[in-house]
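# Below is the sequence, then the predicted model.
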Amino acid sequence: MSKTLITGGCGFVGSNLIRQIVEQGRAERIVVLDNETMGSPRDLPDAGLDYHKGDICDLDAVSRAVAGCDTIIHLAANTRVIESIEDPTLNFEVNVRGTFNVLLAARDAGVRRVVMASTGGAILGDVEPPVHEGMVPQPAAPYGASKLAAEGYGSAFAASYGMQVTALRFSNVYGPRSYRKGSAVAHFFKQVLDGNPITVYGDGSQVRDFVFVADLCRGILQAIDANVSGAFQLGSGQPTSINELLVEMKRVVGANRWSEVHFADWRAGEVRQTYCDITKARQAFDFDPATPLEKGLEATWQWFLQQTASTPT
Ligand code: UDP
């Protein structure tokens, strides 16, 4: 039976992906490797998973988890742009050395393919959107550089050791189970729940591509089933400014519960405008991020409300 290792399986994307694998009744056995910094095995469905607590920076831990697997979905990463500017070494260790360990362990265990989470905007830097796979990378922050290096090693391992490597360049992913994320949608909803003001860095005109996590996870599985290799942008393909996002979020939350919005200085190293062209993924594996922003935000808010309802005070 096919056996898939998911690194970072307890995290936001991982826990949604594992749920989707279970719901789809897919045949593969799932092994999870997670260091529990961004999630816990309690967040995973009770579905006979083979669970390993461990870090991708520990090659022995990766090698133990990968034994007998034919596929790796490598999601474990340090994903914060601003934190990578503050601590580029940690970002390097996790994203570059960690990915290198995953690839080494994959090679030595005879893994057939590695699908790795990458990023669109941060790899390319400040370029004219929509971003696509044909653009020359020029990262503006250590996070983008680390993902570019990881993609570089992926490409080299594919060519040198005959394994299939696919880099899926996620845009800004949002959705249920993002409680531990510091990204815009999750952070803004948490501020509302806590009755705190929302701070917008800059004037809110910055543009991002918000993709709903269930659409993204379907895309990951479609890429695996279609056996594709190389890099693919996975996003909604739609530009949304932070101001537009806030209008939608306020509608979902209701004006009576909505937080005050404050505007602060722009943060150094941030890309001002990015959204992606998803033509390549559409053509290669029918990627179809069909969830409209308002529906995805509604589902996310409902999930956040349930969490507070079930948390003992
Ligand atoms: N953002 C903001 N206030 C916050 C969190 C995020 O204004 O409390 C902005 C941030 O400056 C960026 C956008 O929202 O322009 C998306 O931020 P996120 O961290 O989600 O993703 P990334 O910058 O990595 O695309």
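That came in fine, so what should we check first? Quantities reported herein were computed from a predicted structural model and do not represent experimental measurements.

# all helices in the stretch 1-150 of the chain, in order from the N-terminus.
In chain order, the stretch 1-150 of the chain shows helices spanning 12-23, 59-66, 81-86, 88-92, 98-109, 121-124, 142-161, with DSSP state H, counting those that start in this stretch as the criterion.

# Now the second one: buried residues?
Taking 16 or more other C-beta atoms under 10 Å as the neighbour-count basis, helix 59-66 is seen to contain the buried residues 59, 61-63, 65-66. No exception for glycine: its C-beta is placed from N, CA and C like everyone else's.

# For this structure, just list every one of the strands.
Counting by DSSP state E, the chain has these strands, from start to end: 3-7, 29-34, 50-53, 71-74, 113-119, 164-170, 172-174, 198-201, 207-208, 210-212, 230-234, 240-241, 261-264.

# now for the ones you listed, which one comes closest to residue 102?
The closest of the strands of the chain to residue 102 is strand 71-74. By C-beta to C-beta, the value is 5.0 Å.

# Keeping just the C-alphas, turn that closest one into PDB.
Only the C-alpha atoms of strand 71-74 are listed here, as PDB (Å, rounded to 0.1, in the frame of the first residue of the first chain):
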ATOM      1  CA  THR A  71       5.800  10.000  -1.200                       C
ATOM      2  CA  ILE A  72       6.600  12.900   1.000                       C
ATOM      3  CA  ILE A  73       4.400  16.000   1.300                       C
ATOM      4  CA  HIS A  74       6.800  18.500   2.900                       C
END
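
# quick check: mean pLDDT across that strand?
Over the span of strand 71-74, the pLDDT mean works out to 98.

# which residues are in contact with it?
2-8, 17, 28, 56, 66, 99, 102, 106, 111-117, 220, 224 (C-beta atoms under 8 Å, 6 or more residues apart in numbering).

# out of the residues you listed, who's near the ligand?
Restricting the contacts of strand 71-74 to those adjacent to the ligand (criterion: C-beta under 6 Å from any ligand atom) removes every one of them.

# Any of those residues buried? List them.
When neighbours are counted using 16+ other C-beta under 10 Å, the contacts of strand 71-74 contain these buried positions: 3-8, 17, 56, 66, 99, 102, 106, 111, 113-117, 220, 224.

# same for the lowest-mean-pLDDT helix or strand in the chain, what does it pack against?
Least confident helix or strand, the chain: helix 121-124 with a mean of 89, by mean pLDDT, DSSP states H and E. Where contact means 3 or more C-beta pairs under 8 Å, 6 or more residues apart in numbering; DSSP states H and E, helix 121-124 is packed against helix 142-161.

# between the helix it packs on and strand 230-234, how many degrees?
140 degrees (axes from the mean of the first three to the mean of the last three C-alpha atoms, to 10 degrees).

# residues of helix 142-161 that come out buried?
The neighbour-count criterion (16+ other C-beta under 10 Å) identifies 142-151, 153-154, 157-158 as the buried residues of helix 142-161.

# Which pLDDT value does the model give whatever residue of the stretch 1-150 of the chain ends up closest to the ligand?
Across the stretch 1-150 of the chain, the shortest distance to the ligand (C-beta to the nearest ligand atom) belongs to residue 81, at 4.3 Å. What the model reports for residue 81 is a pLDDT of 90.
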